[in-house]
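Novice: With the input below, show me the fold.
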Amino acid sequence: MQTIQTARGVRRKHRQTARCAGSKKEPEQFCSARTPADGFLRHSFLPLFEKGEKLPDQFEVENDFFNSLAILKGLYGFEIRNVANKSYPYNILLIYADIQKQLSQSAQDIELKIIQDDDGTVKLATQHCYNTCNTLYYIPVLPLYRLLQNRKQKQTAELLLSVFAYLYHIAGIPYYRENNSYLFYNYECMEEWLLEDLQDEDSQSGNSMISELNKASYYGDVMHRKIYNPYHLNVFEKRVNNYKVNTSFENDCLSVAKKALGLLQKYPSDTIFRNTSNQVFESEEGIIRAEQYISFIADTDGILYENIARVINDEFNECSEIEEPTVLQIYDAQNELSNTALDFEYRLFPLLNDLCTLLNNMP
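Specialist: Predicted coordinates:
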C-alpha cells in the first residue's frame with residue numbers, strides 16, 4: 001500500500017473534502033495537527049453564541065429540533081443533556097455541542113449539522129466521511145500470477161483468485177489493462193515515453209522498464225482472463241470452507257478471503273464507488289477521483305512502478321480536492337436511516353490494505 005507522497009499534511013477537520021497543498025521541496029510526513037493539552041484546557045467550556053439580528057421563531061425551531069433529535073437519539077441511543085433551565089437558543093447549542101462530542105468518540109468521521117429545508121423546517125443531519133488518508137489503493141496482480149505457477153500453492157492461489165474476482169466483479173475495482181481505466185492511460189504514456197526517448201540509448205534502467213512493461217501487458221492480460229471468469233466467484237464460499245491452513249502466510253490468506261466473502265454475503269451488489277460521488281465541489285477541475293487511486297495494477301515493485309507512482313504523485317500534487325466516500329443523513333420520518341452508514345467502506349478499505357500487504361510481502 002502506497003501513500004500519495006507529494007501531498008502535504010491534510011488538515012482534517014469535519015469537512016466536505018480533503019485538501020492537498022503542493023510541495024516544491026521534499027514531501028513532508030503527515031503529523032498530528034493537535035496541540036498538546038495543558039492543564040487549564042481540561043476544563044469543559046460551554047459553546048459560544050453570538051446573537052444575530054433576528055432569531056428564528058422559538059416555538060417552531062425548538063419543536064422541529066427536538067423532533068429531529070428524538071429520531072437521532074433513537075438511532076444512536078445518546079444521552080441527551082438536560083437543558084430545561086437554559087434559554088433559547090442556548091439550549092439548542094448546548095445539545096448540539098454535546099451530541100457532536102459523543103459522535104466524535106466513535107471510530108468514524110461524523111459531523112453533526114443543523115439544516116433547514118426550503119419550507120423552513122429545522123432538522124439535524126450527520127455527514128459521514130471515510131478518510132482514505134491519501135493512500136493509493138493499488139492491488140498488484142503479478143504476485144498472484146507468480147503464486148499460481150507454484151503447484152504447492154495452488155489452493156492458496158485459487159483462494160486469492162476468488163478474492164480478486166469479488167473485488168473486480170462486485171466491488172467494481174478497475175483493472176489496469178482495460179482501456180477506460182486511469183492506470184491504462186499511465187502505462188500507455190510510460191510506454192510512449194520509453195519508445196521515443198530511450199529506444200536509441202543503451203540504458204539499463206530503460207531496458208528494465210521495457211521488460212517490465214512487456215510483463216505487465218502480457219501477464220496482466222492472462223490474469224484479466226482468469227479474474228473475468230465468474231467461476232472463481234461462484235466457488236468462493238466452497239474454497240474458503242475447504243481451505244486447510246499450514247503456515248502463517250496461509251492463515252493470513254484465509255483471513256483476507258473470509259473478510260471478502262463476508263462482504264460479498266452482506267453486501268452482494270455494493271461497489272466501492274457507491275458513495276464517492278456524493279460530494280459537491282466548487283469546480284470540476286483539480287479533483288482526485290476515486291477511480292484514480294483505487295485500481296488493480298501490475299506490480300508495486302520495480303523501476304516501472306517507481307516512475308508511474310512519481311508521475312501520479314506529480315499529477316495529484318496539482319489537485320486541491322479528493323473524492324472520498326461520503327453520506328449525508330437527515331433525521332426526519334421520511335428518510336431511511338442507519339447508524340452504520342459507511343460500514344461497507346469501513347470494512348472494504350482495510351481489507352484492501354491487508355490484501356496489498358499480503359501480496360507485497362509474499363514469500
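Novice: quick one: the helices in this protein?
Specialist: Ranges of helices in the chain, per DSSP state H, are 58-76, 90-104, 142-148, 154-169, 182-197, 204-228, 231-234, 236-242, 248-266, 290-293, 303-316, 343-360.
Novice: Make CSV from those helices and add mean pLDDT to it.
Specialist: Converted to CSV, the helices of the chain look like this (pLDDT from 0 to 100):
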stretch, mean pLDDT
helix 58-76, 93
helix 90-104, 93
helix 142-148, 97
helix 154-169, 98
helix 182-197, 90
helix 204-228, 91
helix 231-234, 97
helix 236-242, 98
helix 248-266, 98
helix 290-293, 97
helix 303-316, 94
helix 343-360, 96
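Novice: Now distance to Asn131 and mean neighbour count too, for the ones you listed, in a markdown table please.
Specialist: Using the backbone N, CA and C atoms, a C-beta is placed for each residue, glycine as well. Putting the helices of the chain into a markdown table (distance: least, Cβ to Cβ, whole Å; neighbours: other Cβ atoms under 10 Å) gives the following:
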| stretch | distance to Asn131 | mean neighbour count |
| --- | --- | --- |
| helix 58-76 | 20 | 16 |
| helix 90-104 | 13 | 17 |
| helix 142-148 | 27 | 19 |
| helix 154-169 | 21 | 21 |
| helix 182-197 | 21 | 15 |
| helix 204-228 | 29 | 16 |
| helix 231-234 | 30 | 16 |
| helix 236-242 | 29 | 14 |
| helix 248-266 | 19 | 17 |
| helix 290-293 | 13 | 20 |
| helix 303-316 | 16 | 17 |
| helix 343-360 | 9 | 18 |
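Novice: Ok, which of those helices comes nearest Asn275?
Specialist: Comparing the helices of the chain by their distance to Asn275 (Cβ to Cβ), the top pick is helix 343-360, with 6.8 Å.
Novice: related to what we said a few turns ago, out of the helices of the chain, which comes closest to Glu336?
Specialist: Short answer: helix 58-76, nearest of the helices of the chain by Cβ to Cβ, at 11.2 Å.
Novice: Mind giving me the packing neighbours of the closest one?
Specialist: Secondary-structure packing of helix 58-76 (3 or more Cβ pairs under 8 Å, 6 or more residues apart in numbering; DSSP states H and E): helix 90-104, strand 122-129.
Novice: For Gly302, find the nearest of the ones you listed.
Specialist: Closest among these, using Cβ to Cβ: strand 122-129, at 34.2 Å.
Novice: The closest one to helix 343-360, inter-axis angle?
Specialist: Put simply, strand 122-129 runs at 10 degrees to helix 343-360, going by axes from the mean of the first three to the mean of the last three Cα atoms, to 10 degrees.
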